[in-house]
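[1] got a sequence here, can you model it:
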Amino acid sequence: MKATILVVEDEEKLRRVVELQLKGAGFEVEQAGNVEDAMRLADRADVILTDLRLPGVSGLELLANLRRQDSHTPVVVMTAFGSIETAVEAMKAGAVDFLPKPFSLDHLMTVVNKALELRTLRDENRELRAELSQRYEFDNMVGHSEGMREIFSTIMRVAPTRATVLLCGESGVGKDMIARAIHHHSPRADRPFVKINCTALPENLMESELFGYEKGAFTGANTSKPGKFEQADTGTVFLDEIGDVPASVQVKLLRILQEREFERLGSNKVKHIDVRVLAATNVDLRAALEQGTFREDLYYRLNVLPINIPPLRERKEDIPYLAGFFVKKLGKDLGSPVQSISDAAIERLLGYHWPGNVRELENVLERSMVLANGAVLEAGDVKLDTAPAARFTVADNFLPEGTTLDQYEQSIIREALRRANGNKSQAARMLGLTRNALRYRLSQMGLES
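    Numbering: from 1, shown residues only. Alright, predicted model coming up:
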């Protein structure tokens, strides 16, 4: 569609010349000789080109009226009294550009096209913000169960504060989504949100990744580099799987929580930052306290506002709503013909135990929709992971004959390490432990190295 330019000018001859030029360039043109007429036409315009000297009320008053109406239409002002003071006054009032009379038609077109580009950028920016807002609004965090309604209420209470929040729950329950919702509803919403997956960071690199390093701090440090906390300054840091942080880094995290300060690796210069810390764990940190693998003082600093997120199997009443939401969402993303899900398919989902929680539900529906042909996802289309989980079994729930509890535990740990090809992080996940908890057990077994 052609862009519409509103020309507000009391001098008819000039208004006519500008109109002819703009129409010749392919624009639609509306005309007004005063502010009153301009306000009636303003909603139709993509750009407003107005004189500053108008009969009765000035062009500055037009700018003020548009601002009061929260108009997003770019305004370019033109005047024969082209001075810096006038230009500054107009720009302060909300004008995007200034066109001094007399002006060439080429200059006119340049200014109008720049204003249209700005309009496009503003529209795209609003759409992106609206999309981000929609993504983390509670209608996209589906939960009709009592437990989830309580979590939504808690989010709204804790989000406006800067208090540290500890999110506890199994893998796949939506800890990442809730952390982002807290940030999005906080006063820091327009500031950085930096997620740090503690499990994914090797122990020997974790300190430098979190706190940065100075040039020459270690071999290969050819330049200085800020860490994740510096990148999140004035915003929010989300520490996912906080239980996997080694003891040496726990001390620095405690300092940030207590003093809001740290030092880069290889530096003795103290840096001060303003960050809000959110943390998440899928293991019981209190057990790690008893084992000595997690600092007690850090635990209590993190556990200021705990939010316990129930697994999907404990809130199955949410499954029909989640399934409907994912079918609608994935239908757009995948270009799938599936538009809805049948009651029989819902019943099949309700009968499953969901060890992977909401993330697994979304993955199952995505796989099912890719392979389905009809507009309705039927029970036969649902592709559940029915492979039995690998488990260590003991007949009659007793230990094997002649085996102590310690020996049996050690055999399980050795088997997990074998299956993980010696990868301690992977073995820890298989055992439902933090990496530090596994290291503690290995040290007791004399296998820490």
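[2] could you measure from V249 over to S171?
    The gap separating V249 from S171 is 22 Å, by CB to CB, to the nearest Å. Where C-beta positions appear, they are placed from N, C-alpha and C, glycine not excepted.
[3] cool, and A221?
    Going from A221 to S171 by CB to CB gives 34 Å.
[4] A437 now?
    16 Å.
[5] where does S186 land in three-state SS?
    coil (DSSP: H, G, I helix; E, B strand; the rest coil).
[6] what's the neighbour count on the closest residue to A25 other than its chain neighbours?
    Counting by CB to CB, 6 or more residues apart in numbering, A25 lies nearest to M109, which is 6.1 Å off, once chain neighbours are set aside. Neighbourhood size, M109 [other CB atoms under 10 Å]: 15.
[7] now M109: phi and psi?
    With angles defined as degrees, to the nearest 10, M109 sits at phi -70, psi -40.
[8] that one touches Q21, doesn't it?
    Yes: using CB atoms under 8 Å, M109 makes contact with Q21 at a distance of 7.2 Å.
[9] would you map the helices across the stretch 201-350 of the chain?
    Secondary structure of the stretch 201-350 of the chain by DSSP state H, counting those that start in this stretch: the helices cover 203-211, 228-231, 247-259, 285-291, 296-302, 319-334, 343-350.
[10] helices or strands next to the longest one in the packing?
    With contacts defined as 3 or more CB pairs under 8 Å, 6 or more residues apart in numbering; DSSP states H and E, the secondary structure elements packing on helix 319-334 are strand 340-341, helix 343-350, helix 357-371.
[11] repeat for the fourth one
    Judged by 3+ CB pairs under 8 Å, 6+ apart, the packing partners of helix 285-291 are helix 296-302, helix 435-445.
[12] can you redo these as TSV with mean neighbour count?
    Converted to TSV, the helices and strands packed on helix 285-291 look like this (neighbours: other CB atoms under 10 Å):
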stretch	mean neighbour count
helix 296-302	17
helix 435-445	19
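[13] for those, which has the smallest mean pLDDT value?
    Looking at those, the lowest mean pLDDT belongs to helix 435-445 (a mean of 80).
[14] for Y213, give the beta-bridge partners.
    Note on Y213: beta-bridge partners by DSSP bridges are K225, L265.
[15] now do the same contact list for it.
    Residues near Y213 by CB atoms under 8 Å, 6 or more residues apart in numbering: A221, S224, K225, G227, R264, L265, G266, S267.
[16] ditto for T293
    Per CB under 8 Å, 6+ apart, neighbours of T293: A247, T434, N436, A437, R439, Y440.
[17] I'd like to know which of the residues you listed is nearest to H144.
    Ranked by distance to H144 (CB to CB), the contacts of T293 are led by T434 at 32.5 Å.
[18] number of nearby residues for the closest one?
    T434 has 29 nearby residues by other CB under 10 Å.
[19] do a quick rundown of the strands in the stretch 51-200 of the chain.
    For the stretch 51-200 of the chain, the strands defined by DSSP state E, counting those that start in this stretch occupy 75-79, 97-100, 165-168, 193-197.
[20] adding distance to P310, write the ones you listed out as a markdown table.
    As requested, the strands of the stretch 51-200 of the chain are exported to a markdown table (distance: least, CB to CB, whole Å):
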| stretch | distance to P310 |
| --- | --- |
| strand 75-79 | 53 |
| strand 97-100 | 55 |
| strand 165-168 | 10 |
| strand 193-197 | 23 |
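[21] in JSON lines: these, plus mean neighbour count, mean pLDDT and distance to A38.
    Below are the strands of the stretch 51-200 of the chain laid out as JSON lines (neighbours: other CB atoms under 10 Å; pLDDT from 0 to 100; distance: least, CB to CB, whole Å):
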{"stretch": "strand 75-79", "mean neighbour count": "24", "mean pLDDT": "87", "distance to A38": "10"}
{"stretch": "strand 97-100", "mean neighbour count": "18", "mean pLDDT": "85", "distance to A38": "16"}
{"stretch": "strand 165-168", "mean neighbour count": "23", "mean pLDDT": "96", "distance to A38": "50"}
{"stretch": "strand 193-197", "mean neighbour count": "18", "mean pLDDT": "94", "distance to A38": "42"}
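[22] for L302, find the nearest of the helices and strands packed on helix 319-334.
    That would be helix 357-371 among these, by CB to CB, at 22.3 Å.
[23] show me what the closest one is packed against.
    So helix 357-371, by 3+ CB pairs under 8 Å, 6+ apart, packs with helix 319-334, strand 376-377.
[24] switch to 6 Å and redo it
    Helix 357-371 is packed against helix 319-334, with contacts defined by 3 or more CB pairs under 6 Å, 6 or more residues apart in numbering; DSSP states H and E.
[25] how about the helix it packs on: buried residues?
    Neighbour-count burial for helix 319-334, counted by 16 or more other CB atoms under 10 Å, picks out I319, P320, L322, A323, F325, F326, V327, L330, G331.
[26] and if you look at stretch 60-74?
    For stretch 60-74, the neighbour count (16+ other CB under 10 Å) marks L60, L62, L63, N65, L66, S71, T73, P74 as buried.
[27] tell me how this structure divides into domains.
    Annotated domains of the chain cover 4-132, 146-308, 312-381, 395-445 [automatic domain parsing].
[28] quickly, which of the ones you listed bottoms out on average pLDDT?
    domain 395-445 (a mean of 77).
[29] run the chain-centre distance for it.
    Counting by CA atoms, centre = their mean, to the nearest Å, domain 395-445 is centred 36 Å from the centre of its parent chain.
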